[in-house]
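Student: Okay, predicted coordinates and the sequence, questions at the end:
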Amino acid sequence: MVSIQECPESGPLFESVIRLSKLAKSTVGFMTNSAFRDRAERGTLLVALTDHEVLGYVMYDLPRDEVRIRQLVVDTPARGRGTARALVDQLAERHQSRRGIVVECRRDFGVNAIWPRLHFVPVEERRGRNNEGLPLTIWLRDFGHPTLFSILPDQTARPIAALDVNIVIDLAAGASTTSDRLTAEWMRNAVLLAVTDEVLLEIDTQQDVLLRKRHRRYASGLSKLHADTIRWENLFREMQQQIPNADKFQADLRHAARAAAGGARWFVTRDGRFERACAKIVKAVADVEVVSPGEFLVAVDALVRGDMYRPTDLHGSSLQLRNLEPGEFEAAVQAFVNPREGERFFRLRQMLDRAAPAGAPSQNLRVLVDGEHLLGLIASTGTSVVEVPICRVHRGRAQSTIARQLVAIARAEAADSGALAVRLADAHCGEWVRRAASAEGYVPAGAGFIAIPIAGMGNRADLIARAEAAIEAISGEVVPSEVMQVARSESSTVAAEELFHPWRMTSTKLPTFVLSIEPVWAAELFDIEIARGTLFPRQRGLTLQREHVYYRNPAATGGLTAPARILWYVKGGPAHDRGVRAVSTLRDVVVGDPRRLYRRFAHLGVFDEAQVLARSDGTRVMALCFSHTSMLPRSIPLDEYRAAMRVQGVGLSQHGPQRLPEHVFDHLATLAR
């Protein structure tokens with residue numbers, strides 16, 4: 001019998017997985033031990049074993065709404081025994097609420113023949129980013145859920161890494177160094193490797209004719225960055241002024257300046273002396289990370305995991321969303337101009353001038369600040385259709401989280417005001433805002449994105465009528481037809497609620513659970529009104545954290561499963577705070593070791609490790625991952641809630657999750673209007 005279990009972060013099973021990965025690296029590519037250990041901590045590294053002998057493993061990530069296999073390896077003696085099928089079937093069982101399983105495979109690899117036998121179908125073919133350019137087939141094992149996948153933008157706009165000449169020479173020589181790992185298939189799928197003119201200039205100094213030709217030929221096969229001369233020279237001079245002994249690093253500084261002006265995020269080099277002496281100043285001046293090949297591997301690995309939304313990055317900050325002041329326009333231009341996408345300073349300044357409020361109450365030009373630091377910028381105008389001509393985030397640790405906040409604020413304010421749609425039309429908003437828009441249910445339309453927020457609750461017929469009216473009101477844009485397909489599909493409740501958030505669907509088969517929560521955690525996780533009564537009141541917009549995790553003792557589960565709907569019953573505290581107050585979408589339920597789950601979900605929650613341990617039974621804790629939380633239009637007090645349950649013939653339980661029949665949820669939804 002083959003058994004499947006999560007791989008621990010260390011020990012014999014982990015070492016066996018590392019051994020197998022090295023044997024298979026010619027086909028699956030190289031990944032660092034830390035990448036395996038990270039997946040093990042997250043529970044996304046599974047091993048197949050019998051009698052404690054490892055037969056194979058699967059490493060995977062959970063970006064967006066899919067399961068993406070990174071490596072699937074079966075030991076040679078174990079092939080033909082159903083090991084791969086057992087691993088893939090376990091993935092399907094664990095993550096049935098997601099869209100499906102995706103894997104990319106070179107067409108010339110023999111393993112391609114196995115995917116149809118594992119219920120995958122080829123959905124796309126494209127040119128591979130391997131050295132030979134051999135084609136890739138994208139295989140999908142679809143779980144059959146209606147999703148928004150077909151209407152989300154293609155996430156192929158890859159961030160750019162500029163390679164130093166020493167890296168290019170390594171790659172051209174085919175040397176077995178850290179540099180050769182940069183050409184792995186998964187790396188080329190995630191980032192764009194490029195060179196600047198500085199590489200070609202340095203190659204030209206090579207005296208050996210054959211070597212010079214070989215290096216130039218290899219460099220010409222990489223993408224070329226075109227840097228604005230004035231821009232890179234200004235950056236070069238500024239770095240020279242701030243770096244002691246800058247004359248020792250002239251070529252490297254020119255290279256870093258060209259990389260920044262060309263839109264690169266990283267400058268990858270093996271020159272440790274330059275990195276140690278100059279990296280901090282290059283980052284401060286040019287906003288480019290100077291990294292070694294190993295550091296670059298780690299950075300890209302974090303990027304492809306798809307878990308870049310980190311509310312914890314905002315904890316402890318003094319965030320404030322306020323109007324942009326008259327004397328701050330130039331500072332805003334400096335902070336938010338996007339030269340990576342060819343934007344010039346004067347163009348953004350013109351946009352700010354046009355977006356400045358002109359007496360219209362619906363016109364806003366605001367900045368998100370932490371003290372004196374400008375972190376986000378958003379302009380909006382309009383009533384029936386809210387236009388967002390500017391939406392920017394400043395580069396930094398929390399940029400992805402801040403981007404989610406800004407696009408969510410625009411959507412929530414539109415819903416509150418009764419607007420039919422939100423149009424994001426900033427051509428230079430940057431990759432993080434585009435990703436955030438996709439995550440927040442915006443769909444591509446024309447040159448930008450459209451969101452259709454619909455407030456309230458109702459059945460599918462109500463939703464269809466509201467959605468059709470909104471689409472009719474959006475002039476000049478072609479809204480994808482899949483939007484209405486999601487609205488009409490009887491089996492797309494979760495997808496519909498995400499696409500038209502904050503709308504909540506009644507008369508569906510989606511399981512609904514009532515879950516009790518203490519006021520202190522309600523205030524931290526979602527309840528703005530309760531938070532206002534605490535010592536640390538928060539602004540409405542800044543509490544719109546989009547995803548969260550809540551921990552509870554795994555006993556008395558009440559059949560809790562995902563996907564589902566959670567009605568939050570706030571217990572204890574002042575009488576006016578008690579009652580059913582909010583509703584969320586339950587995305588995942590995970591039971592496991594409390595310390596391990598704390599590390600896995602620490603970026604989403606407000607709990608510290610001691611609090612997670614306190615909620616466990618000593619060895620296990622239950623983590624509830626939820627999103628798209630909205631307050632009920634009207635909270636249902638305890639007495640009214642108890643009476644409603646009695647009328648519907650359902651008893652009241654406050655000792656654990658309680659599943660409600662669909663007709664009871666419909667009745668409560670009516671009371672909450």
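Tutor: Ah, there it is.
Student: tell me the mean pLDDT for whichever strand in the chain runs longest?
Tutor: Longest strand in the chain, counting residues (DSSP state E): strand 621-636. For strand 621-636, the mean pLDDT works out to 87.
Student: Work out the sheet partners of it and label each with its direction, please.
Tutor: Using DSSP bridges, strand 621-636 pairs in its sheet with strand 547-552 (antiparallel), strand 579-592 (antiparallel).
Student: tell me how far it is from the chain's mean position?
Tutor: Taking the mean of its C-alpha atoms, strand 621-636 sits 20 Å from the chain's own mean (C-alpha atoms, centre = their mean, to the nearest Å).
Student: Kindly report the same for stretch 440-457.
Tutor: Centre-to-centre, stretch 440-457 and its host chain are 18 Å apart (C-alpha atoms, centre = their mean).
Student: could I have it exported to CSV, CA atoms only?
Tutor: Below are the C-alpha coordinates for stretch 440-457, written out as CSV (Å, rounded to 0.1, in the frame of the first residue of the first chain):
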residue,chain,number,x,y,z
GLU,A,440,-10.0,41.7,-6.2
GLY,A,441,-12.4,40.6,-9.0
TYR,A,442,-11.5,43.3,-11.6
VAL,A,443,-11.6,41.9,-15.2
PRO,A,444,-9.7,43.1,-18.2
ALA,A,445,-11.7,45.5,-20.4
GLY,A,446,-10.1,47.6,-23.2
ALA,A,447,-6.8,49.0,-22.0
GLY,A,448,-7.6,48.7,-18.3
PHE,A,449,-9.8,46.8,-15.8
ILE,A,450,-13.5,46.9,-14.8
ALA,A,451,-15.0,45.9,-11.5
ILE,A,452,-18.8,45.5,-10.9
PRO,A,453,-19.4,45.7,-7.2
ILE,A,454,-23.0,45.0,-6.3
ALA,A,455,-24.2,45.6,-2.7
GLY,A,456,-26.8,43.6,-1.0
MET,A,457,-28.2,40.0,-1.0
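Student: Pick the most deeply packed of the strands paired with strand 621-636.
Tutor: Between the strands paired with strand 621-636, strand 547-552 has the highest mean count of neighbours, a mean of 22, where neighbours are mean count of other C-beta atoms under 10 Å. (C-beta placed from N, C-alpha, C; glycine too.)
Student: just for the stretch 201-350 of the chain, where's the confidence low?
Tutor: Low-confidence segments of the stretch 201-350 of the chain (pLDDT under 70): 302, 304-318.
Student: one more time with 80, if that's ok
Tutor: Within the stretch 201-350 of the chain, the stretches with pLDDT under 80 are 204-205, 207, 209, 226, 228-229, 298-299, 301-319, 326-327, 340.
Student: show me where it has helices.
Tutor: With helices called from DSSP state H, counting those that start in this stretch, the stretch 201-350 of the chain shows them at 209-220, 229-242, 250-261, 272-286, 293-304, 329-336, 345-355.
Student: Out of these, indicate the one that is most buried.
Tutor: The highest average neighbour count among these, using mean count of other C-beta under 10 Å, belongs to helix 250-261 at a mean of 25.
Student: If you count contacts, what does it end up packed against?
Tutor: Helix 250-261 sits against strand 160-163, helix 197-203, helix 229-242, strand 266-268, helix 272-286, with contacts defined as 3 or more C-beta pairs under 8 Å, 6 or more residues apart in numbering; DSSP states H and E.
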